[in-house]
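Engineer: Predicted model follows, preceded by the sequence.
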Amino acid sequence: MIIAAALWLAAAEVCRPISLKTAPVHVLWRTESKVREIYRAGNTLVIQNLWGVSAVDADSGAVLWSYHLKNDSRPLAELAVLSDRVAVVDFNEIIFFALRRGEEIHRTKVERFVARLAGPPLIAVMDNYRRVGSTMFALNPDGSIAARRIVRHVHLLTMSGDVAVAQLDRNPGEEWPTLYKLEGFDAVTLQPLWQIGGTLSTEIQEIGGRPHIIETPWGENPRPIDIRTGRLGPPIPKREGRDEIWAAATWEFETPTSTPGPRNEYASCERARRNDPAGGRPKWSVDLPFAVTATLRDGETFYMFGSADAQHHFLVAVDWSSGRLLGAWSGMPDIHTMVKFKGRIIGGTFDELMSVSLQGERAARSHETVK
């Protein structure tokens, strides 16, 4: 999860950073890649990079295969990772590649540009340009089309279990005001299950392990939702105050207080806080001596990565339930996304992918770049 820059407001609480005793990380391998996002399926990493997709062996960093977009003008490919294959959108085709070997298994071609792909279960959205709305497709793992449905224009598409949640907005040419809404569809049949009015910022967010409907990612009073019926529960109580609004914060985890550094480029102190869905009060908070830019939850361990300045980057692990500090490391590059694999952190910068050990494991050949 990437956390965007804050809107600095007047601080109501003083942030007092804890003193970190850090251990150096050990780089196991490095691979050149314009990493935008990392997905892991077993011992295989699927990398969304500029203009394409590649698969990398998580143990060695060896590139297994790559696909460069041929017809799509978008710099970032729409993709979905299944247990044994990867589905990649290239304009009006959805191409299925074997996860490890990379050979093409199947192509599903539709009439127009595929704007969205989510899953599993696989759901694709075709943009009905110059016509009404969008067409949703439910796809089988082999690429065959199981169902289709014409809907209003799909702005965003997410999956919540076996329900596809579409954020629907106005069709091209319609005038304001037009009601935005969320609509849930069965992911196999595309039968409508429920719909709820909202705005362009209304979304489904997991809070405390359950789906909730919320107005903006950081909004107040989210309500639990039965994802199959659309039935709403009572709203969660309002959280305690905070000084910033974060563009990519969630209700449950946020950084509510920051102290800007000497040049306002980096925070000299930032409060990381987990909120309790039962009462809205903080479950724990910790004042860190750096600005948090990426997070990763691995079971009951929660990792926070950030930077004190352009040269000093840190990784901190805390217990997700209590906030107790479990470890701190230094010497990493400025990553923006990360996954966990065999006790290692695999992170991506905009220029490379790398695996680092947090447990003293050393590479046979330090800082090797795998082409």
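Structural biologist: Nice, I can see it. Residues are numbered from 1 along each chain as shown.

Engineer: contact partners of stretch 88-107?
Structural biologist: Identification of contacts with stretch 88-107 by C-beta atoms under 8 Å, 6 or more residues apart in numbering yields 41, 44, 46, 53, 55, 64-67, 69-72, 77-79, 81-87, 108-114, 117, 124, 126, 139, 142-143. Backbone N, C-alpha and C define where each C-beta goes, glycine included.

Engineer: Buried among the residues you listed? Need that as a selection in PyMOL.
Structural biologist: Buried residues among these (16 or more other C-beta atoms under 10 Å), as a PyMOL selection:
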select buried, resi 41+44+46+53+55+64+65+67+69+72+77+78+79+81+85+86+87+108+110+113+114+117+124+126+139+143
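
Engineer: where does the stretch 101-250 of the chain have low pLDDT?
Structural biologist: 129-131, 171-179, 242-248 (pLDDT under 70).

Engineer: ok, 80 please
Structural biologist: 128-132, 170-179, 200, 216-219, 240-249 (pLDDT under 80).

Engineer: all helices for it, in order.
Structural biologist: Secondary structure of the stretch 101-250 of the chain (DSSP state H, counting those that start in this stretch): no helices located.

Engineer: Let me know how buried residue 107 is, in neighbour terms.
Structural biologist: By other C-beta atoms under 10 Å, 11 other residues sit near residue 107.

Engineer: what's the distance between it and residue 302?
Structural biologist: Residue 107 sits at a distance of 40 Å from residue 302 (criterion: C-beta to C-beta, to the nearest Å).

Engineer: just residue 351 next, same as before
Structural biologist: According to C-beta to C-beta, residue 351 stands 27 Å off from residue 302.

Engineer: Looking at these two now, which is surrounded by more residues?
Structural biologist: Neighbour count, other C-beta under 10 Å: between residue 351 and residue 302, residue 302 has more, with 21 against 12.

Engineer: The more buried one: what's it in contact with?
Structural biologist: Going by C-beta under 8 Å, 6+ apart, residue 302 touches 253, 274, 295, 296, 317, 318, 319, 320.

Engineer: can you pick the most crowded of those residues?
Structural biologist: residue 318 (22 neighbours).

Engineer: Wait, it touches residue 324, no?
Structural biologist: Yes. Using C-beta atoms under 8 Å, residue 318 is in contact with residue 324, at 6.3 Å.

Engineer: For residue 106, grab the count of nearby residues.
Structural biologist: Around residue 106 there are 14 residues (other C-beta under 10 Å).

Engineer: can you pull out the strands in the stretch 201-350 of the chain?
Structural biologist: Under the criterion DSSP state E, counting those that start in this stretch, strands of the stretch 201-350 of the chain are mapped to 202-207, 210-215, 223-224, 253-260, 267-275, 282-288, 291-298, 301-307, 313-319, 325-330, 337-341, 344-348.

Engineer: Quick check: the gap between the residue nearest to residue 59 when sequence neighbours are not counted and residue 33.
Structural biologist: Excluding the flanking residues, the one nearest residue 59 by C-beta to C-beta, 6 or more residues apart in numbering is residue 43, at 6.0 Å. With distances taken as C-beta to C-beta, residue 43 is found 17 Å from residue 33.

Engineer: Who has more neighbours out of those two?
Structural biologist: Higher neighbour count among residue 43 and residue 33: residue 33, with 25 against 13, using other C-beta under 10 Å.

Engineer: Give the closest residue to the more buried one in space, chain neighbours not counted.
Structural biologist: Spatially, and ignoring its direct neighbours in sequence, residue 33 is nearest to residue 353 (4.6 Å; C-beta to C-beta, 6+ apart).

Engineer: What residues are bridge-paired with that neighbour?
Structural biologist: residue 31, residue 348 (DSSP bridges).

Engineer: if I pick it, what's in contact with it?
Structural biologist: 30, 31, 32, 33, 35, 38, 45, 47, 56, 61, 346, 347.

Engineer: what's the closest of the residues you listed to residue 14?
Structural biologist: Of all the contacts of residue 353, residue 14 sits closest to residue 347, with 31.6 Å by C-beta to C-beta.

Engineer: Neighbours of the closest one, how many?
Structural biologist: 27.
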